[in-house]
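1. sequence first, then the predicted structure, then my questions.
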Amino acid sequence: MRLHGKSVLVTGAARGLGRAAAVACATEGADLTLLDICADLPGVPYPLGTPGQLEHTAALCREAGAAVLTTTADIRDLRAVREAVTRAEDRFGRIDVAVNNAGIAAPSGKPVHEIDEDEWSLMIDVDLSGAWRVIREVGKAMSARRAGSIVNVASTAGLVGYRHFAAYVAAKHAVVGLTKAAALDYAPTKVRVNAVCPGSVRDDAGAEGRMLAEIARALEVPVHEHEKTFTEAQPMNALIEPEDVAAAIVFLASDESRQITGSVLTVDGGFSIR
Amino acid sequence: MSGPLQPAARCHAVRVRSDRSQAPAAAPGLWTEDVPVPATDPLAERRREAELARPAQDIRRVLLRYADGVADLIVVAPRDRWDRTALGRLTAGDSVAPRTDHDASDAPATPPAPAPAWGLADGGPTVPHLFSLTDGGDEATWLAALAVTLRRYDPESTPVIGTDHGSLTVEEAPTLGELRPSPAEGPALVGLLFDEAEVPGAYVPCLAPPFPLTVSVFKDTDGWRLRCDHLGTHVSTQMAAQFTQHLVRVHQHILSAPQTRVHDVELLDEAERDRVAALGRPPRRLVTTQLSLPEAFARITAATPHRIALTDGGAGLTYRELDERATLLAHGLRERGVESGDRVGVCLERTAELVVSLLAVLKTGAAYVPVDPAYPADRIAHTARDAGLGVVITRLPEFPDVPGCVPVTPDDLLDATPKLRDTVTLPTVAPETAAYVIYTSGSTGRPKGVEVPHRNVVALIDATRDEYGLGGSDVWTWFHSSAFDFSVWEIWGCLLTGGRLVVVPYFVSREPDSFRDLLLSEKVTVLSQTPSAFGQLLALDHTRVGVRLVVFGGEPLDARMLLPWFDRHPESVCRVVNMFGITETTVHVTEQTLTRKLALAATRSVGHALPGWHLYVTDDAGRLLPPGVAGEICVGGAGVALGYLGQAELTLRRFVPDPFTGGVMYRSGDLGRLRPDGRLEHLGRIDSQVKIRGFRIELDEIRTVLLEDPDVRTAAVTVRRDDPADAATAGIHAYVVLAGGDPSTIRKRAAGILPDHMLPATITALDALPLTANGKLDTARLPAPVTPVAPTRDAAPATDDDLTDRLLEIWTEVLGRPVGLDDDFFELGGNSLFAVRIGAALRARGLPSLRLRELYRHPTIRETARSLTSSNS
């Protein structure tokens, strides 16, 4: 097992990519701290994870053999993040791996000059600053132990632009920048920081993910049409499955990637080649 | 305690099983988890193990509730603040205040103990070993048992045993009962956690070993237990288990028979002795026939009379021609009065004629005594006298005058034969009589003659023929002097398997490019070489060399040197075999096929014994040592020689009864260890260990470190005394052949690995290392160490930095010459003695002391000043 004995924190773990990543880590022998906001967020036009969904992820991880701690926190709140990290450290002694997965894709779907101050701030606060807050709280102990891996889930929106997604694209580009800068900060202490940039991930009933649907809604196009557009835009001619992204996360979490830091691993079926 | 410890090494844990209904209710500070499988499920087992391996800052209580109504309460806490009794109370739900008088978290850091050689550490996974004990003894008895066992495993080091209350050692004493612990300093390889409190539940004394090898003795519901935890970087799982078994055995001795003399304690019981003895026997069995060399040769000749047996320059001899010429010569020897059981000297250059002569001697029933004509006259005379030679076949114009010894040329012998051929028949030769006597130089005293019988050589060929596919299509080189027993392998290995033997003239053997050309032109398939000679071949373009088998012998092989060979000659095309051997056991003893992978890993294994040969490793009392532990290599079986010619007393001392087969085994004086898979590691001569200023130093170890430097192609390490009468002037000097770089960079890198007392005082670069006539390193011909001398410059002007000025003053005084701020200490002739004087001068002026290691790293005044300033601040 590639993550045997490691303690992994996953944010946004109630469903979707977070759930897939958590279960993949559990299958590889990790113990898990699952963090989710478990509440809707004013300004985000779609429902976020729920306590039931978070418990379901926990049950799937336990079936895979993991010890699991669930914790509810809003990553916009530094104190809440700190408390969650402390709880995880009490339970598991340390955090070996942090997967910064929590994020939102909307409010979006409008030209940059139509985004209002609150919408812009919300996106930056969750997608960029949320990742920074987690790094801030886990990085010190990792550095002291001279071991640890941080995986930031960015997006192809961290590499290229998308029309009418200025705030999201800006936040995800910034996550890639944060990854590189943090990687340099921690390199002397062997703590690694990498980013994964998924392309369009299929909304998976099992993982209850719904990002694609929300993006389609923001763009006011039918989901199946949106899926088709993205499938055609990805040269391998298929949508990404959550497990594909989870596999990349497991790799970056594991010691197999011990010399990889500051890297950006795209899982996009070739979308960003061109 | 060697702290500060990792949290897991500070923590202990206990697990108490209960019915779910009796399990504690959810409470603050209790992590309750439902595990969706029954308690017996492997997944549940994994969960328990994970909790029992998870360290806690303070107390962690976890309740695992399984699907079948069973529950496990697991409590983890740091050992130094909640002891075993407190842990027991915590499982009962009591709250227990931590001890504060003894907090190991802020213990001063001590350097970790280095990995012991016997640990055979592979960095692999570690598994704790658990034993049940009938009697737990007390802490003192376990300390004594640990000290006795450690001394047996490594007689050279003083055992330091770590405990939760400091490091201890146990002074040597005559009997087990008199062994007493006393405080000790230094890093502890082994630790003891002893606790006699009886607390219910399954106990884990440490979640990670606080010492590389941690032995915990404690009591649980089922009685006394011993658990051994270890670090994979220090001790392999197998060696940890073995050590623990021996420890338990020694401890039983201490309890049951304290009057036993410490020296008499047996580490191994009878079953293990048998097992270890069997380990030294190879997996393949020997099938051999009792034949003399002439008989074995006659069989090959009868089968393939017209095949070429011998190539010498342009000339060739078929098997029949070789046989006929040898028979003629044998008749000539008989006419000179040579009888069965005699010894006949053969002192000829490496030519076809020499092989004819050797075979002729054997046909008369006498043993041949090869004498290298290149040897000095007094050595030749010593051999002739010592072997009692009546006849010597030689073409030396002035063979030394030895009473009773008549030099004859092959021509003399042939001239005499026609009249005799019909009247004298050649005798039948008994396989158990001596075939040859070869003189080994030995590290001390005069060379001694080793008598080797026919059957041993036949067994050697039988042991290797099938494995290496030796046969009629092979072409062998005969590279080595007939006075070096590697030639026995070359000559008879070829001729008894029907191959063609190519004579390598002396001058060709000394010129690597000529030799390489000969390998190509003669289409040689089997090449036997010393590693030193092979190294010279590797320095040339060897791409087109088409050999299918390379056999190394004669001296230790550094496997890494083979990488350039494997680059051009894949293992599937050419097999490379290292054979460790001893003249007294008939050329070879072990075989290790080398691969690129093993070469990369710099294997020290010389492999398993040859079929029919067997290996033992014994301590100085002649007792078998367990695998991993270094001792004297003893060799029994088919290769053991008859003894030393004319030296009954020495023969009795070195050729001793083999307690396992009833035969004879040879005590080699070589140091080695048997690996758990039966492969031997050869560790050099027992007497190659030297003591310098009280430190016992293994020169091979220094050599190995130098060879690890990518810029070093080959290396030799010697000890020299500047003043032969004064041991204090002894210094280690290294010689290297460089692939790049220069000695000063190599010295700097070596300083990063070797302890101060093992750092060579000088490193001298040579174009090639001098070799003996046998192709081994010739230490006597190494030049005096070169202390590179920098051009004299003007002394540096005084600076405004006080420390730098004082350093300048001291260096100038000690080195006795002007010194610039950026002059390299070693290039100015500095050595370790000067370094000591500089250190003393610094102390005398109240300045921070300077270690030799620092000087290696910062060999100029400017760098030294910077280093002293920064380490001071």
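-> Structure's in. What do you need?
2. I'd say residue B:206 and residue B:216 touch.
-> Yes: in this structure residue B:206 lies within contact range of residue B:216 using CB atoms under 8 Å: 6.6 Å. In short, each C-beta sits where N, CA and C put it, glycine included.
3. what is in contact with those two at once?
-> In terms of CB atoms under 8 Å, 6 or more residues apart in numbering or on different chains, residue B:206 and residue B:216 are both contacted by the residues B:193, B:229.
4. tell me the residues of chain B that contact chain A?
-> Within chain B, the positions near chain A by CB under 8 Å from any CB of the partner chain are B:7-8, B:31, B:33-36, B:43, B:46-47, B:50-51, B:53-57, B:60.
5. what do you get if the cut-off is 7 Å, keeping everything else the same?
-> B:7, B:31, B:33, B:35-36, B:43, B:46-47, B:50, B:53-56 (CB under 7 Å from any CB of the partner chain).
6. neighbours of residue 193, just the number please.
-> Reading this off chain A. Neighbourhood size, residue A:193 [other CB atoms under 10 Å in any protein chain shown]: 28.
7. um, chain B though
-> 24.
8. list the residues that contact it.
-> B:164, B:205-206, B:214, B:216 (CB atoms under 7 Å, 6 or more residues apart in numbering or on different chains).
9. got phi/psi on residue 190?
-> I went with chain A, as the question did not name one. phi 70, psi 10 (degrees, to the nearest 10).
10. try chain B instead
-> Per degrees, to the nearest 10, the backbone of residue B:190 is at phi -110, psi 140.
11. try residue B:502
-> Per degrees, to the nearest 10, the backbone of residue B:502 is at phi -100, psi 120.
12. partner residues bridging it?
-> Taking DSSP bridges as the rule, residue B:502 bridges to residue B:311, residue B:477.
13. I figured it hits residue B:523, correct?
-> No: assessed by CB atoms under 7 Å, residue B:502 is found out of contact with residue B:523, at 9.3 Å.
14. moving C-terminal of the strand or helix carrying residue A:23, what's the next helix or strand?
-> Per DSSP states H and E, residue A:23 falls inside helix A:16-27. Remark: after helix A:16-27, the chain's next helix or strand is strand A:31-36, criterion DSSP H and E.
15. contacting residues around that next one?
-> By CB under 7 Å, 6+ apart, the list of residues contacting strand A:31-36 reads A:7-14, A:22, A:25-26, A:49, A:54, A:57-58, A:61, A:66-73, A:84, A:88, A:92, B:50.
16. what sits against residue 166?
-> No chain in the question, so chain A it is. If you count contacts by CB under 7 Å, 6+ apart, then residue A:166 has A:112, A:115 around it.
17. actually chain B
-> Applying CB under 7 Å, 6+ apart, the residues near residue B:166 are residue B:183.
18. quickly note the distance from it to chain A.
-> According to CB to the nearest CB, to the nearest Å, residue B:166 and chain A sit 27 Å apart.
19. report pLDDT for that residue.
-> Looking at residue B:166, its pLDDT reads 88.
20. and the strands in the stretch 151-274 of chain A?
-> With strands called from DSSP state E, counting those that start in this stretch, the stretch 151-274 of chain A shows them at A:192-198, A:264-267.
21. which elements pack onto the first one?
-> Translated: strand A:192-198. strand A:149-153, helix A:166-186, helix A:242-253, strand A:264-267 (3 or more CB pairs under 7 Å, 6 or more residues apart in numbering or on different chains; DSSP states H and E).
22. okay, the ones you listed, which one's buried deepest?
-> strand A:149-153 (a mean of 28; mean count of other CB atoms under 10 Å in any protein chain shown).
23. tell me what angle it forms with strand A:192-198.
-> Angle, strand A:149-153 to strand A:192-198, by axes from the mean of the first three to the mean of the last three CA atoms, to 10 degrees: 20 degrees.
24. nearest to the spatial middle of chain B, which residue is it?
-> residue B:683 (2.4 Å; CA atoms, centre = their mean).
25. got the contact list for it?
-> Per CB under 7 Å, 6+ apart, neighbours of residue B:683: B:630, B:671-673.
26. same thing but 10 Å
-> Residue B:683 is in contact with B:117, B:556, B:604, B:630-631, B:633, B:670-673, B:689, B:698, B:700-701, counting by CB atoms under 10 Å, 6 or more residues apart in numbering or on different chains.
27. coming back round to it: would you format the strands of the stretch 151-274 of chain A as a markdown table with distance to residue B:177 and mean pLDDT included?
-> Below are the strands of the stretch 151-274 of chain A laid out as a markdown table (distance: least, CB to CB, whole Å; pLDDT from 0 to 100):
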| stretch | distance to residue B:177 | mean pLDDT |
| --- | --- | --- |
| strand A:192-198 | 56 | 97 |
| strand A:264-267 | 66 | 97 |
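28. who's in contact with residue 265?
-> Using chain A. Contacts of residue A:265 by CB under 10 Å, 6+ apart are A:151, A:154, A:194-198, A:245, A:248-249, A:251-252, A:257.
29. switch to chain B, please.
-> B:145, B:148-149, B:152, B:175-176, B:246, B:249-250, B:253-254, B:257.
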